[in-house]
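> Coordinates for the following, if possible.
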Amino acid sequence: RSLEEVCYRLGIEIHYGPRMTPWFKGKVERLQGTLNRGVAHGNPGTTFSNIFERGDYDPAKHAVIRLSVLRKIILMWIVDVYHQRPHRALHVPPDEMWSKCVKTEDIRVPEDPKLLDAVMGRRDERTLTHKGIELEGLFYNSQDLIHLRRQYGEKIKVEISIDDSDIGSIVVFSPNESDYFVVPALKGDYAKGLSRWQHKVCQRYAAE
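Numbers count the residues shown, from 1 in each chain. Take a look at the predicted model:
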């Protein structure tokens with residue numbers, strides 16, 4: 001749902017590959033294989049191409065880095081390795097082909113960069129009350145939400161956008177979807193910079 005919402009707002013059309021037709025996704029599978037060989041294979045915690053290679057090896061048990069670190073490594077590999085070496089189909093590095101053929105001024109981007117951040121989050125629906133919005137045991141409220149309730153009623157359904165890597169704030173869309181507001185968590189000292197996964201770990205330990 002979140003992916004479809006982002007694509008709709010950015011004017012992107014999604015084409016889904018039919019089931020049981022792997023030849024529709026050859027390029028995607030090849031890129032994933034190249035990524036695995038370039039980044040993961042040979043390191044502790046790697047997965048394997050098939051169950052025969054894996055044997056009784058447990059990737060989760062041997063994992064040695066955090067997801068945030070892996071993301072940085074993948075980004076560096078794409079920019080500094082993959083884009084800089086000759087591509088088999090292009091016969092030149094992708095970075096060189098991009099510089100020759102793509103004019104950055106022709107790339108369409110949203111007029112408001114903040115709107116891009118807002119729509120790229122995980123979408124959900126919540127009820128806005130006098131307490132604000134409750135999410136994962138945390139409450140979010142602001143003057144903007146107070147004005148929203150005065151305009152639309154005591155209890156209203158609103159769409160929200162969540163950045164699971166930082167639950168210090170959420171984005172709330174007005175019922176008419178024309179306005180959006182960045183709303184902080186009331187427990188800002190705790191939630192700012194905290195991921196949803198970390199929050200769930202904290203909740204589990206608190207419950208125990």
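> can you pull out the strands in the protein?
For the chain, applying DSSP state E gives strands covering 122-128, 133-135, 138-140, 156-162, 169-173, 180-184.
> I'd like the distance between Glu4 and Glu13.
According to C-beta to C-beta, to the nearest Å, Glu4 and Glu13 sit 11 Å apart. (Each C-beta comes from the backbone N, C-alpha and C, glycine too.)
> Between these two, point out the one with more neighbours.
A side-by-side neighbour count of Glu4 and Glu13, using other C-beta atoms under 10 Å, places Glu4 first with 11 against 6.
> tally of neighbours for the closest residue to Ala60 other than its chain neighbours?
Counting by C-beta to C-beta, 6 or more residues apart in numbering, Gly45 is the residue found nearest to Ala60 once chain neighbours are left out, at 7.3 Å. Counted by other C-beta under 10 Å, the residues lying close to Gly45 total 15.
> dump the residue contacts of Gly45.
Contacts for Gly45 were tallied using C-beta atoms under 8 Å, 6 or more residues apart in numbering; they are 59-60, 62-65.
> one more time with 7 Å, if that's ok
Under the criterion of C-beta atoms under 7 Å, 6 or more residues apart in numbering, the neighbours of Gly45 are 59, 62-64.
> Skipping its backbone neighbours, what lies nearest Ser2 in space?
Ranked by C-beta to C-beta, 6+ apart and with sequence neighbours excluded, the top spatial neighbour of Ser2 is Arg123, at 4.5 Å.
> likewise Leu115?
Spatial nearest neighbour of Leu115, excluding adjacent residues (C-beta to C-beta, 6+ apart): Tyr180 at 7.2 Å.
> Could you report the neighbour count for Ile160?
Burial of Ile160, expressed as a neighbour count using other C-beta under 10 Å, amounts to 22.
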